[in-house]
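Q: here's a sequence, model it:
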Amino acid sequence: MKTSKKILFIYKNQTLSKVFEENLYKEGYDLEILFKEQFKQFRLTFLQKIINIICRVFFKVNNYPIKADEDNFKNFCKKSLKNLPQKKFDYCLIIRGDLIPEFVINHARSISNKMVDFQLDGLSVSSKILDYQKYFDRIFVFDPEDVKKYPEAALHFLPNCYFGEPDFSIPSEIDLLYIGQYLDERNVQLKNLHQYLEEHQLSYTSHTSLYRGRCFEPLHPKVLQHKTSTSYEGNLDFVKKSKIIIDFKRKEHNGLSLRFFEAMQYGKKIITDNVSVKNYEFYHPNNIFVTDFVHLDGILEFIQKPYHPLPETLIEQYGFKNWIKVILGKSTNNKK
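A: Numbering: from 1, shown residues only. Purely as a prediction, here's the structure:
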């Protein structure tokens, strides 16, 4: 149903941005997207490569590519602002505002009645958003520890969500799933898990893959390597046909990744090293196994246990439909 509320939406990650945009349209909002054009990934020109060598060799300056990339994105932002319609918005919703130049946020503030930001990474890697606090009516963080860590900032806790509708009818073809970026510790954790299951002669199917240009450590035979990342839609297709999803927590924060909410959406189980999930009301030991991926006692029993169905009303609380209501102040957040 169409709503009269006008939203200006800003998110640098154009891949995941499409998912937010589709769901905002579905909820009937009058949406204006700042970054309509595709942002071209920055590559140094031949002249810039020469400048970079001169900076490194003669001036011991190693951040020229980073600075050039920032300037490239600022130029893209200026072009996007020029193409923005001259009208007033009820809301401006920004995801990861710390990645957006201040002049963009300042302009958005001038044409929006309310400004809201959502940080889907911990503030240990995105604390710059606190420098922009004066522009926002509310800043939401997905890690409740950040609310405690920065009490003077008056931050609001809100976890991630799932997109679309719950569906428990899709049969599982894969027992274990993990798709993610290569990190040495993740490689070791996947090795430990596969070796443990094999040593205990468990028969299982898996799709565990890491993406990186090259790996310096050997992978377990069941772990695939990809040079390019899987799209969000492609990853979700694997989630739908999997029985158990593997989740690795980032060291920088304790917030829950999208995997938890996608698992809830499709009735899938999770193996994770994020202990904080035990504090959430949807946690059930039949559905979520918490481990350090070193001590794996109990995981065989967990794999054999059936999924414990969650109340429909609880699942709905973590859908995008409710998430956006909380973001825009139309509903209160009583999660966790």
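Q: now the strands for the stretch 101-250 of the chain?
A: 112-119, 138-141, 156-157, 174-181, 206-211, 223-226, 242-247 (DSSP state E, counting those that start in this stretch).
Q: least confident of these, on average?
A: Among the strands of the stretch 101-250 of the chain, strand 223-226 carries the lowest mean pLDDT, at a mean of 85.
Q: who's in contact with the nearest residue to residue 292 once chain neighbours are set aside?
A: Of all residues not flanking residue 292 in the chain, residue 273 sits nearest, at 5.7 Å (Cβ to Cβ, 6 or more residues apart in numbering). All C-beta atoms are positioned from the backbone trio N, CA, C, and that covers glycine. By Cβ atoms under 8 Å, 6 or more residues apart in numbering, residue 273 lies in contact with 189, 247-249, 290-293.
Q: ok, back up a step: which of the strands of the stretch 101-250 of the chain sits closest to residue 285?
A: Between residue 285 and those, the shortest separation by Cβ to Cβ is 13.8 Å, and it involves strand 242-247.
Q: could you point out which element follows the closest one?
A: Beyond strand 242-247 on the C-terminal side, the first helix or strand identified by DSSP states H and E is helix 258-266.
Q: against which helices or strands is the helix or strand just after that next one packed?
A: As assigned by DSSP H and E, the chain's next helix or strand after helix 258-266 is strand 269-272. Packing partners of strand 269-272 (3 or more Cβ pairs under 8 Å, 6 or more residues apart in numbering; DSSP states H and E): strand 242-247, helix 258-266, strand 288-290, helix 299-304.
Q: tell me which of the contacts of residue 273 is nearest to residue 128?
A: Distances from residue 128 to those, taken by Cβ to Cβ, are shortest for residue 249, at 22.3 Å.
Q: with adjacent residues omitted, what lies nearest to the closest one?
A: residue 274 (3.9 Å).
Q: measure stretch 103-119 end to end?
A: The separation between the terminal residues of stretch 103-119, taken as Cα to Cα, to the nearest Å, is 19 Å.
Q: run through this structure and note the low-pLDDT ranges.
A: Within the chain, the stretches with pLDDT under 70 are 1-3, 41-42, 64-65, 213-216, 331-336.
Q: could you chop it up by domain?
A: The record's domain parsing of the chain by automatic domain parsing lists 6-161, 174-316.
Q: the first one: how far from the chain's middle?
A: Here domain 6-161 shows a centroid-to-chain-centroid distance of 14 Å under the convention Cα atoms, centre = their mean, to the nearest Å.
Q: ok, stretch 254-265 next?
A: Distance of stretch 254-265 from the chain centroid (Cα atoms, centre = their mean) equals 9 Å.
Q: who touches that stretch?
A: 120-122, 141-145, 159-162, 164-167, 236, 239, 245, 247, 249, 268-270, 272, 274-277, 280, 282, 287-288, 310, 315, 318-319.
Q: sitting in helices, which of those residues do you find?
A: 144-145, 236, 239, 315 (DSSP state H).
Q: may I see those residues arranged in JSON lines, with distance to residue 56 and neighbour count as well?
A: Shown next, in JSON lines, are the ones in helices among the contacts of stretch 254-265 (distance: Cβ to Cβ, whole Å; neighbours: other Cβ atoms under 10 Å):
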{"residue": "144", "distance to residue 56": "42", "neighbour count": "20"}
{"residue": "145", "distance to residue 56": "38", "neighbour count": "16"}
{"residue": "236", "distance to residue 56": "41", "neighbour count": "18"}
{"residue": "239", "distance to residue 56": "43", "neighbour count": "19"}
{"residue": "315", "distance to residue 56": "53", "neighbour count": "18"}
